[in-house]
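Asker: give me coordinates for this.
(2 chains)
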Amino acid sequence: MTKQKPLYLLNIEEAAEGLKNGEFTSVELTERCLEHIKKFDPQINSFVRVEEELALKMAKESDARRAKGELRSIIDGIPYNLKDVYATKDSLTSASSHMLDDQWLAPYNATVYQKLCDAGAVLLGKTNTDEFTMGSSTETSYYGVSRNPWDLERVSGGSSGGPAASMAAHFGIFSIGTDTGGSIRQPAAFCGVVGLRPTYGRISRFGELAMASSLDQTGPITKTVRDAAILMQVLSGQDHLDATSMPDEASNYLEEINNLPTEKPLKGLKIGIVKEYFGEGLNKEAEDKVIEAIDQLVKLGAETVQISLPLVKYALEIYYVICPAEVSSNMARYDGIHFGHSVERRQSKEDKKDLNLYEVYAQSRSEGFGEEVKRRIMLGTHVLSSGYYDAYYLKAEKARAKVMAEFAKAFEKVDFLAAPVSPGTAFKIGEKINDPLAMYKEDLLTVPLNIAGIPGMSVPCGFVDGLPIGLQLMSARKDESMILKVGAAYQAATGHHLHTPEVIEQSGDLISYKEVKE
Amino acid sequence: MDQISKTEVSHLADLARLVLDENQKERLAGNLSQVVSYIEQIGEIEMSDSDHTKEDISAVGVTGLKNIVADDEPRSLDDQCQIDTKKALADAPNSEDNYFKVRAVME
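Answerer: Numbers count the residues shown, from 1 in each chain, chains lettered A, B, ... in the order given. Below is the predicted model:
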């Protein structure tokens, strides 16, 4: 099978198998990926920076290791891309912002990147995001939106729109993104790929450009759930450089999946169907697809339990207090003094005049940041300011503790939750960007788990009018095992994740913009 | 709570070290007012004084971890987090010797 399929279409397991059997080398695999990216990414704009030279160098080194029998891991030699929000000594980092555009080379490696290098994976480049990961459509990126490979007039979702689009278009074998309020799950759903957001603390945040420190988490964006399981094992683990990373070790997720019985793999498991996640506000056809997926899980042996989580309703409000507050603090490091965009770089004395320190800060920041970033900084500054702190931030933290408790209680009765990821399918580019509150509401179904710190995964479960829909699986803190097993069993029985968008189909030369379906 | 006025927006911009023109101030005042009325719904959640205090929350937050500290020892030069001074200063607009150079903090 690997001989007939174009190499860039492979998933991690297939690529690892092909490399092991000598069907192709890492250099060949990497070259095919790079060619494919060059050919089709101009239409999609998922990459901020392709690192051709670096990728080929890493691939060559992997092939040399393989020849000596010194492989580092199952992903040794496998090409991938990284959302452009990680400190990487080998490649510029921009966070898709004018603040860092084209100039900042990190002086240290993020732990996530270090682990991937230690595992021998091959970095193809950095992918697009909403500016500093603030957004749900990748429209706030300084480099422009990443188009949805299933319909180029639509968004890929956000903030990990670049990674998700890249996986749908097969620009690499896997991708790594971040999820603070749904930024892995929602784009994964919009693009028909798998996106997992682990338990908060599972993967180190060291070197990941912080947005909201109590909400951020790295996760895999992949073609299959099994691939996500593999990456979770590579990336998880306590890090002495991240005081919020937890000591609990990841289990052998792939082995657990392989040990599932083939008949009724989900027998004995209880699926929580949360009342508040369905009904009002959801696109009916999208909801139906999710319900169909749940029926499939029942066919695989699970049983449904109706539950209610009344506080889920407030999760978005809690998020839009806590998140901007933490953002306003984290964005303070971009000051025009240490690195990044600065008015001090203006050549002429006239331009710099007699700026005082305050002006250096204020002007550098105002020129460097886009509007959404400024909006969230201001909102955060407001909720933390004297006179408002108790009314907003403190209340939100108390409410957060209550939401965590409510979820924990639910998992005493059920093993996992199944719900939609998004109120509908990918919306059109430009549709929501001028209405911030409407854009924030896109996160309604994803944000509760960030507030609670529990893991969640989006798995493709069908299409509506040619656009992908995602099924969201959620489990108790530290129980990634559960959702990985359920997701893998679901994919073994279905084929939604196996479709390829027309735009990249092998019909020869560059295809011009696909006609928009009516 | 009141709507967020342009004056309030100016005050916040000051605190956040941002410069905004009149149009931006107007737009942000509108955006922020909208979001603030929305987030005020948190007030509907029943809470009592016995609920987690500030101290409880930071101690039993989203990780359940407490007092994660590092040994008070210098890290080895190979440690992943060690930053070469030259590299740290590489993107600074103004530097001198091993220092970042800034404008006067006080007149």
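Asker: and the residue nearest the centre of chain B, what does it touch?
Answerer: Nearest to the geometric centre of chain B sits residue B:16, at 9.0 Å (Cα atoms, centre = their mean). Residue B:16 sits next to A:328, A:365, A:374, A:377, A:378, A:381 when contact means Cβ atoms under 8 Å, 6 or more residues apart in numbering or on different chains. Bear in mind the C-beta positions are built from the backbone N, C-alpha and C, glycine included.
Asker: save those residues as CSV, and put in pLDDT, secondary structure and distance to residue A:178 too.
Answerer: Formatted as CSV, these follow (pLDDT from 0 to 100; DSSP: H, G, I helix; E, B strand; the rest coil; distance: Cβ to Cβ, whole Å):
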residue, pLDDT, secondary structure, distance to residue A:178
A:328, 97, helix, 19
A:365, 97, helix, 22
A:374, 96, helix, 21
A:377, 97, helix, 19
A:378, 95, helix, 23
A:381, 95, helix, 23
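Asker: highest neighbour count among those?
Answerer: Highest neighbour count within those, by other Cβ atoms under 10 Å in any protein chain shown: residue A:377, with 28 neighbours.
Asker: so which elements touch the longest helix anywhere in chain B?
Answerer: The longest helix of chain B (DSSP state H) is helix B:22-39. On a contact count with 3 or more Cβ pairs under 8 Å, 6 or more residues apart in numbering or on different chains; DSSP states H and E, helix B:22-39 meets helix A:315-330, helix A:371-384, helix A:436-440, helix B:6-15.
Asker: got the contact list for that helix?
Answerer: A:317, A:320-321, A:371, A:374-375, A:378-379, A:382-383, A:392, A:396, A:436-437, A:440, B:1, B:3-6, B:8-10, B:13, B:20.
Asker: returning to what we had before: for the residue nearest to the centre of chain B, grab phi and psi.
Answerer: Reported as degrees, to the nearest 10, the phi and psi values for residue B:16 are phi -90, psi 0.
Asker: tell me where chain B has helices.
Answerer: For chain B, applying DSSP H gives helices covering B:6-15, B:22-39, B:54-59, B:85-89.
Asker: now the stretch 1-150 of chain A
Answerer: A:12-20, A:26-44, A:52-67, A:111-118 (DSSP state H, counting those that start in this stretch).
Asker: include distance to residue A:147, mean pLDDT and mean neighbour count when you put the ones you listed into TSV, please.
Answerer: Converted to TSV, these look like this (distance: least, Cβ to Cβ, whole Å; pLDDT from 0 to 100; neighbours: other Cβ atoms under 10 Å in any protein chain shown):
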stretch	distance to residue A:147	mean pLDDT	mean neighbour count
helix A:12-20	25	97	20
helix A:26-44	5	97	20
helix A:52-67	22	98	17
helix A:111-118	26	98	22
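Asker: any idea how far residue A:241 is from the residue lying closest to residue B:82 once chain neighbours are set aside?
Answerer: In this structure, residue B:82 finds its nearest non-sequential neighbour in residue B:75, 6.3 Å apart by Cβ to Cβ, 6 or more residues apart in numbering or on different chains. Counting by Cβ to Cβ, to the nearest Å, the gap from residue B:75 to residue A:241 is 10 Å.
Asker: what do these two both touch?
Answerer: With Cβ under 8 Å, 6+ apart, residue B:75 and residue A:241 have common neighbours residue B:81.
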